[in-house]
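Participant: here's a sequence, model it:
(one chain, ligands or ions: 2)
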Amino acid sequence: MRIALIGYGKMGKEIEQIALDRGHEIGLIIDQHNPKDLSADQLQNIDVAIEFTNPDSAFGNYLKCFEANVPVVSGTTGWLDQLPEIEKQCSEGKGFFYASNFSLGVNLFFELNKKLTQLMAPFKEYNVDMEEIHHIHKLDSPSGTALTLAEGILENHPTKDKWIEATSMKEDELSILAKRHGAVPGTHSITWHSEVDEIIIQHQAYSRKGFALGAVLAAEFMPEKEGFYGMKDLLQL
Ligand SMILES: NC(=O)C1=CN([C@@H]2O[C@H](COP(=O)(O)OP(=O)(O)OC[C@H]3O[C@@H](n4cnc5c(N)ncnc54)[C@H](OP(=O)(O)O)[C@@H]3O)[C@@H](O)[C@H]2O)C=CC1
Ligand SMILES: O=C(O)C1=N[C@H](C(=O)O)C[C@H](O)C1
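Facilitator: Numbering: from 1, shown residues only. Ligands and ions are numbered 1, 2, ... in the order given. This is a model prediction of the structure:
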């Protein structure tokens with residue numbers, strides 16, 4: 001496939017290497033040097049665009065790809081307030097694949113989190129909270145992965161109905177603590193604690209390789225596709 005990389009930072013560079021190793025061609029790179037105002041013309045002869053930029057750039061990039069009828073795989077987080085418009089355009093024939101986290105490990109962790117929440121739900125002696133740690137360059141907080149984990153808990157717990165980025169002991173609030181430290185690729189921990197013990201589940205990324213491989217596999221899944229897709233469609237979870 002001919003792939004356009006929109007965003008050539010930590011993830012763009014990691015994805016480029018894996019895509020080339022898997023025999024794909026990088027037909028376009030939009031980065032600080034190329035004009036950032038992506039044009040539909042630049043996307044001619046591109047089979048799929050892989051977009052990893054920042055919360056303020058992503059939506060505009062998606063629209064340009066839709067204008068060129070190029071399917072998009074995006075991992076950029078922090079833009080979901082604009083999700084309804086993307087879903088509308090997908091219902092009208094555009095192809096879009098989004099994941100807050102593309103790694104197999106985290107997507108298995110998402111399922112483990114939901115099942116553990118269902119197991120713990122009847123036991124009111126346990127409260128639950130979350131911590132995520134990322135590198136100091138991360139612009140959004142909490143992480144997109146943390147928000148997906150929070151959704152999994154809120155959907156499966158009888159009293160937790162909102163998350164808060166602060167310490168909270170309220171029955172209806174799920175506390176998320178976001179830490180920024182060094183070059184940490186991404187660590188997410190969920191703790192269920194009572195007065196006498198605690199149960200902790202954790203996912204720790206050693207590098208960005210898992211994220212990048214998942215994004216390239218999603219790109220291989222997307223050519224000619226119309227509609228909105230996610231990791232459940234790719235992994236059949
Ligand atoms: N879903 C997942 O599995 C993962 C998601 N992410 C998410 O991906 C995003 C990017 O992460 P990361 O690669 O680490 O960030 P980086 O800052 O390293 O890379 C983003 C790049 O995009 C560039 N950029 C900004 N605006 C535009 C634009 N309009 N067009 C083209 N390029 C642009 C930036 O340039 P400049 O520096 O000049 O602004 C930068 O080079 C974040 O939202 C992060 O949360 C990260 C890892 C995994
Ligand atoms: O910014 C990052 O680095 C990451 N962002 C994603 C998120 O916001 O969850 C995925 C991963 O944790 C790395």
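
Participant: just give the nearest non-adjacent residue to the most centrally placed residue in the chain, would you?
Facilitator: Central residue of the chain (Cα atoms, centre = their mean): Ser100, 1.1 Å from the mean position. Ranked by Cβ to Cβ, 6 or more residues apart in numbering and with sequence neighbours excluded, the top spatial neighbour of Ser100 is Gly144, at 3.3 Å. C-beta coordinates here come from the backbone N, C-alpha and C atoms, glycine included.

Participant: dump the residue contacts of that neighbour.
Facilitator: With contacts defined as Cβ atoms under 8 Å, 6 or more residues apart in numbering, the neighbours of Gly144 are 77-78, 80, 100-101.

Participant: now swap in Glu111 and tell me
Facilitator: Neighbours of Glu111 in contact, by Cβ under 8 Å, 6+ apart: Leu237.

Participant: what of Gly93?
Facilitator: Gly93 is in contact with Glu226, counting by Cβ under 8 Å, 6+ apart.

Participant: name the SS class of it, please.
Facilitator: Here Gly93 takes the coil state, with states given by DSSP: H, G, I helix; E, B strand; the rest coil.

Participant: gap between it and Lys225?
Facilitator: Relative to Lys225, Gly93 is positioned 10 Å away (criterion: Cβ to Cβ, to the nearest Å).

Participant: overlap in contacts of the two?
Facilitator: Counting by Cβ under 8 Å, 6+ apart, Gly93 and Lys225 have no contacts in common.

Participant: tell me the domain boundaries of this protein?
Facilitator: In the assignment given by automatic domain parsing, the structural domains of the chain cover 2-102+209-235, 104-204.
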